[in-house]
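Enquirer: just the structure for this:
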Amino acid sequence: MSSRQPKRITKESPHQKLDPREVKNKATARQNDQYMDHEIYHDDFEIEEFVTYTDIYDDVRNYRKRPSGPSKGRRVIGKILLYLQLAVSILVFILLFRFRILNTGTLVIIGSVLLVLWLIVFISQRKWFKKIQAAGMILSIVLSIILAMTSLYLARTNSMLKTVTSGKQYDINLYDVVVRAQDDAQTVLDTKGYRFAVQPSFRQEELASVISQLEEKLGGEVETVVLDSALSQAQALLEGEVDAAVYNDVFNSSIAEQLEGYEEQIRVLDTYTVKMEAETVQAVDVDIKDTAFLVYISGNDSEGSISLTGRSDVNIVAGINTASKQIVLISIPRDYYVEFPGITAAGSRDKLTHAGIYGMDELIATIRELLGHEINYYVRVNFSSMMDIVDAIGGVTVYNEQAFISHGGYYFPEGMVDMNGEYALHYVRERFAFEDGDFARGRNQIKVIQAMMDKLVSVNSLANYNALMTAITNSVATNIPEEDLKTVINIQLNENPQWHVVSYQMLGNVMFQPCQSTGGTFLSVDMPYLESVENAQALLEQLFAGEPLSEDLQLADNGQLTFITNPVD
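Expert: Coordinates of the predicted model:
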């Protein structure tokens with residue numbers, strides 16, 4: 001050892017925390033480690049010991065010890081995030097696989113991307129990548145949130161499809177109990193002993209349910225007078241032949257059309273709702289990847305729950321050929337004068353909208369008879385559901401050919417018009433503002449449907465995804481199989497095709513003709529032109545053959561067209 005005496009470090013020394021005894025004790029305790037024979041000098045202080053470079057670094061120089069890896073808490077958080085990201089990644093992949101809306105190649109790509117992203121986060125949590133550990137944790141959190149939201153969207157969409165395609169469907173009908181406006185009865189309880197006009201030939205089971213409810217409320221049997229039509233019931237009521245009448249409210253408009261001032265001459269005491277599970281209307285399944293198919297879109301002027309019975313105010317046949325990427329939209333006027341297979345007597349006809357009174361199966365049979373093609377599927381909506389869907393997709397934009405003010409006081413200027421659900425509803429309902437009335441309304445309905453289709457296939461529709469799913473679930477009834485809907489979604493997502501859409505408006509002549517549903521009463525109808533029907537059929541033939549669609553088939557009413565049947569004078 002050197003003859004120099006160690007000098008204790010004073011408070012003035014820059015290394016005032018150094019304790020020679022602590023250094024000596026640590027050096028002695030580490031004698032089994034790798035040592036090197038070294039003399040340590042610090043200013044005038046000398047120690048001759050076996051010490052390690054670690055001792056020199058940590059103790060003699062008194063530097064703060066640097067961590068060799070992530071803290072225990074951070075490692076635990078990192079593992080939790082890794083497991084969470086892995087779980088939601090697997091969940092999304094399973095949902096996509098079971099949903100069957102993507103092809104195999106796309107699924108492989110998505111699975112590979114999810115795996116790579118997980119490996120990136122996994123590597124970032126290793127101790128030799130501690131500089132990017134925090135960034136990896138943030139990335140994992142962001143990815144987990146995105147994947148969790150994606151899984152919720154997929155699960156919600158799958159649930160919606162199952163509900164719409166396989167849920168129970170109902171016939172919901174409203175029956176009014178009416179008396180003369182000057183009658184003393186203020187409620188149904190005041191009608192004890194009254195004679196009620198009824199029409200048992202129409203939906204007898206539902207009428208029996210209403211009469212049963214009346215008898216229960218009145219505490220006794222109800223006397224009924226059987227008549228052959230709602231119009232006859234209304235006439236008998238006004239003439240005092242009966243004290244009250246019970247009929248389906250779908251007849252209100254046709255009665256008011258025939259009996260001037262009828263609505264002011266009667267009072268509705270009560271309205272009974274009859275809800276029955278609808279009979280299944282079987283779909284005519286085809287391989288929609290290879291064969292064109294037809295979807296009948298029916299809409300009624302009502303709000304609330306969807307019913308398969310009731311007037312059909314919107315009648316559009318959508319023909320779709322997924323192979324040739326062609327769509328044909330044919331609008332049929334609600335007052336088209338047509339035969340109801342199995343309902344109207346030989347040679348008799350009625351308004352198309354009245355076919356809905358007899359149920360969806362009769363509507364489909366009537367459309368099939370008119371166009372000469374099988375209707376594969378139907379979609380039933382009401383006007384309130386259309387409002388909800390338009391609002392859910394952020395509104396629509398259509399080109400309005402003629403400025404007008406609707407019956408509800410809404411102004412629509414000429415040109416491109418942005419519409420929310422309420423405005424779109426008034427737009428598709430209006431007919432009195434146009435010279436060609438119902439035909440103009442049909443054209444406007446197709447415009448709105450096309451605008452909705454464009455929005456639905458765009459990314460922007462995801463902005464209000466939950467609202468859209470709710471609107472569709474609560475407001476649409478269809479018999480399209482779930483697998484066929486997924487096939488259409490698959491085509492749209494994987495191919496993103498540019499559809500060629502051709503619309504066609506069927507024409508007729510407005511006149512008064514007898515209608516069977518109202519007992520042969522003459523009502524305002526649209527007498528179909530034979531040429532218009534033949535052109536619609538020709539357009540469908542082109543669609544099924546995958547041929548170019550003619551866009552010049554639309555007729556002009558020049559007064560020289562042929563009626564499909566001879567009018568009744």
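Enquirer: show me the beta-bridge partners of the closest residue to Val188 other than its chain neighbours.
Expert: Leaving aside its chain neighbours, Val188 sits nearest to Asp270 (4.7 Å; criterion: Cβ to Cβ, 6 or more residues apart in numbering). Every C-beta, even on glycine, is put in place using the N, C-alpha and C of the backbone. Going by DSSP bridges, Asp270 is paired in beta bridges with Val177.
Enquirer: what's the distance between Asp270 and Leu218?
Expert: 11 Å (Cβ to Cβ, to the nearest Å).
Enquirer: re the thing from before, residues contacting the residue nearest to Val188?
Expert: Asp270 is in contact with 176-177, 187-188, counting by Cβ atoms under 8 Å, 6 or more residues apart in numbering.
Enquirer: low-scoring pLDDT stretches of the stretch 401-550 of the chain, where are they?
Expert: Applying pLDDT under 70 to the stretch 401-550 of the chain flags the ranges 459-463.
Enquirer: pull the distance from whichever strand or helix holds Asp454 to the chain's centre.
Expert: For Asp454, the host element (DSSP states H and E) is helix 438-456. Distance of helix 438-456 from the chain centroid (Cα atoms, centre = their mean, to the nearest Å) equals 17 Å.
Enquirer: where does the chain dip in pLDDT?
Expert: 1-71, 459-463, 557-558.
Enquirer: and it, what are its domain boundaries?
Expert: 1-66, 92-166, 170-277, 293-395+437-545 (automatic domain parsing).
Enquirer: just list whatever residues bridge to Tyr377.
Expert: If you apply DSSP bridges, the partners that Tyr377 bridges to are Val295.
Enquirer: so how far is Thr565 from it?
Expert: Taken as Cβ to Cβ, the span from Tyr377 to Thr565 is 29 Å.
Enquirer: do Asn252 as well
Expert: From Asn252 to Thr565 the distance is 28 Å (Cβ to Cβ).
Enquirer: which one of those two has more residues nearby?
Expert: Asn252 (19 against 15; other Cβ atoms under 10 Å).
Enquirer: residue closest to the middle of this structure?
Expert: Ile472 (3.0 Å; Cα atoms, centre = their mean).
Enquirer: for the closest residue in space to it that isn't next to it in sequence, which residues are in contact?
Expert: Excluding its sequence neighbours, the residue lying closest to Ile472 (Cβ to Cβ, 6+ apart) is Met160, at 5.8 Å. Residues near Met160 by Cβ under 8 Å, 6+ apart: 469, 472-473.
Enquirer: and of the residues you listed, the nearest to Val246?
Expert: Ranked by distance to Val246 (Cβ to Cβ), the contacts of Met160 are led by Thr473 at 33.8 Å.
Enquirer: related to what we said a few turns ago, which one of the domains of the chain lies nearest to Ile405?
Expert: That would be domain 293-395+437-545 among the domains of the chain, by Cβ to Cβ, at 14.1 Å.
Enquirer: compute the first-to-last residue distance for that closest one.
Expert: Terminal residues of domain 293-395+437-545 are spaced 12 Å apart (Cα to Cα, to the nearest Å).
Enquirer: cool, and stretch 356-364?
Expert: End-to-end distance (Cα to Cα), stretch 356-364: 9 Å.
Enquirer: and if you look at stretch 391-407?
Expert: 21 Å.
Enquirer: ok, now stretch 537-553?
Expert: Per Cα to Cα, stretch 537-553 runs 11 Å from first to last residue.
Enquirer: doesn't Leu370 make contact with Leu294?
Expert: No - counting by Cβ atoms under 8 Å, Leu294 does not reach Leu370; the two are 12.0 Å apart.
Enquirer: contacting residues around Ser307?
Expert: Counting by Cβ under 8 Å, 6+ apart, Ser307 makes contact with 170-173, 300, 382.
Enquirer: ok, back up a step: now, among the contacts of Met160, which is nearest to Asp436?
Expert: Ile472 (32.4 Å).
Enquirer: report the distance from the helix or strand that contains that closest one to the chain centre.
Expert: Following DSSP H and E, one finds Ile472 within helix 465-475. From the chain centre to the centre of helix 465-475 is a distance of 5 Å (Cα atoms, centre = their mean).
Enquirer: which other helices and strands contact it?
Expert: Secondary-structure packing of helix 465-475 (3 or more Cβ pairs under 8 Å, 6 or more residues apart in numbering; DSSP states H and E): helix 133-166, helix 383-392.
Enquirer: need the winner for burial among those helices.
Expert: helix 383-392 (a mean of 21; mean count of other Cβ atoms under 10 Å).
Enquirer: test my guess that Phe439 contacts Gln505.
Expert: Yes - Phe439 is within contact range of Gln505, at 6.0 Å (criterion: Cβ under 8 Å).
Enquirer: show me what the helix or strand hosting Ile94 packs onto, helices and strands only.
Expert: Using DSSP H and E, Ile94 sits in helix 72-99. Judged by 3+ Cβ pairs under 8 Å, 6+ apart, helix 72-99 is in contact with helix 104-124, helix 133-166.
Enquirer: of all the ones you listed, which one comes closest to Asn494?
Expert: Among those, helix 104-124 sits nearest to Asn494 (Cβ to Cβ), with 6.2 Å.
Enquirer: between the closest one and helix 133-166, how many degrees?
Expert: Calculated by axes from the mean of the first three to the mean of the last three Cα atoms, to 10 degrees, helix 104-124 forms an angle of 150 degrees with helix 133-166.
Enquirer: could you check how far the closest residue in space to Gln492 that isn't next to it in sequence is from Ala292?
Expert: Distance criterion Cβ to Cβ, 6+ apart; nearest residue to Gln492, sequence neighbours excluded, is Val457 at 5.7 Å. Going from Val457 to Ala292 by Cβ to Cβ gives 19 Å.
Enquirer: still on that earlier bit, the residue nearest to the centre of the chain and Val379, how far apart?
Expert: Ile472 is 11 Å from Val379, by Cβ to Cβ.
Enquirer: same question, Leu553
Expert: Leu553 is 25 Å from Val379, where distance means Cβ to Cβ.
Enquirer: show me which residues of stretch 493-510 are buried.
Expert: 501-508 (16 or more other Cβ atoms under 10 Å).
Enquirer: one step back: more neighbours: Leu294 and Leu370, which one.
Expert: More crowded of Leu294 and Leu370, by other Cβ under 10 Å: Leu294, with 25 against 21.
Enquirer: residues in contact with that one?
Expert: Taking Cβ under 8 Å, 6+ apart as the test, what Leu294 contacts is 317-320, 371, 373-377, 540.
Enquirer: next: Glu206.
Expert: Residues counted as contacts of Glu206 (Cβ under 8 Å, 6+ apart) are 171, 173, 175, 248, 274, 276.
Enquirer: go through those residues and say which is closest to Gly342.
Expert: Looking across the contacts of Glu206 and measuring by Cβ to Cβ, the closest to Gly342 is Asp171, at 17.6 Å.
Enquirer: need the three-state assignment for the closest one.
Expert: Of the three states, Asp171 takes strand under DSSP: H, G, I helix; E, B strand; the rest coil.
Enquirer: hang on, it packs against Tyr358?
Expert: No - with contacts defined as Cβ under 8 Å, Asp171 does not count as touching Tyr358, sitting 10.5 Å away.
Enquirer: give the contact list for the residue lying closest to Ala230 once chain neighbours are set aside.
Expert: What sits nearest to Ala230 in space, not counting adjacent residues and going by Cβ to Cβ, 6+ apart, is Phe251, at 3.6 Å. Phe251 sits next to 230-231, 517-518 when contact means Cβ under 8 Å, 6+ apart.
Enquirer: just the buried residues of the residues you listed.
Expert: 230-231, 517-518.
Enquirer: among the residues you listed, which pair sits farthest apart?
Expert: Leu231 and Ser517 (9.5 Å).
Enquirer: what is in contact with the two at once?
Expert: Joint contacts of Leu231 and Ser517 (Cβ under 8 Å, 6+ apart) are 251, 254.
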